[in-house]
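> Give me a model of this one.
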Amino acid sequence: LSTQKTHDANIIDTEKRRIAEMEDEVKNVTEALDRERRENRTLDEEVQKYQGLLTQEKASRERLERDWDQESGERKRVEEFLLLEKEHSAQLETDNLALQKENDALKHDLEDEITALNDLVTEQKN
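Now for the predicted structure:
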């Protein structure tokens, strides 16, 4: 009977150790799971932070693209205006040359008339 009690006690002690080991294992797994959850929460927070930054960057890029398009349109309008001004300036130069030639011709005609009048006055004096 005593041998049976010792044997039963050994079995009970063995079972208690196995239960304690299992409880330790459950505790370790639970702690590891808690760590994983904390790490996942931290990673989720970082993902959300970077998604926010990405959204800001996208919005910033879109603003820059709109500004670039607007500036490109303004630059194109300025270039078109400058081209028109250049054409207008060239036309003014052409007109000016024509007026100078006409002025020179009128001046030459006037000088001829003055010379003719001077000759006429000289003839009449004689």
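
> where exactly do the helices run in the protein?
Applying DSSP state H to the chain gives helices spanning 2-125.

> Give me the neighbour count for V78.
V78 has 10 neighbouring residues, counting by other Cβ atoms under 10 Å. For the C-beta atoms, the positions are set from N, CA and C on the backbone; glycine is no exception.

> State the distance from it to I19.
According to Cβ to Cβ, to the nearest Å, V78 stands 86 Å off from I19.

> before we move on, what about H108?
Distance, H108 to I19, using Cβ to Cβ: 130 Å.

> repeat for V47
For V47, the distance to I19 (Cβ to Cβ) stands at 41 Å.

> N126 now?
According to Cβ to Cβ, N126 stands 156 Å off from I19.

> Have a look at the two and say which one is more surrounded.
Remark: of N126 and I19, I19 carries more neighbours, 10 against 4, as counted by other Cβ under 10 Å.

> so where is this protein shaky, pLDDT-wise?
For the chain, no stretch has pLDDT under 70.

> Pick out the residue nearest the middle of it.
For the chain, L64 is the residue whose C-alpha lies nearest the centre (Cα atoms, centre = their mean; 3.2 Å).

> residues touching that residue, list them.
With contact set as Cβ atoms under 8 Å, 6 or more residues apart in numbering, L64 has no partners.

> any idea how far it is from K58?
Using Cβ to Cβ, one gets 11 Å for the distance from L64 to K58.

> now do L92
Distance of L92 to K58, given as Cβ to Cβ: 50 Å.

> same question, Q48
The spacing between Q48 and K58, counted by Cβ to Cβ, is 15 Å.
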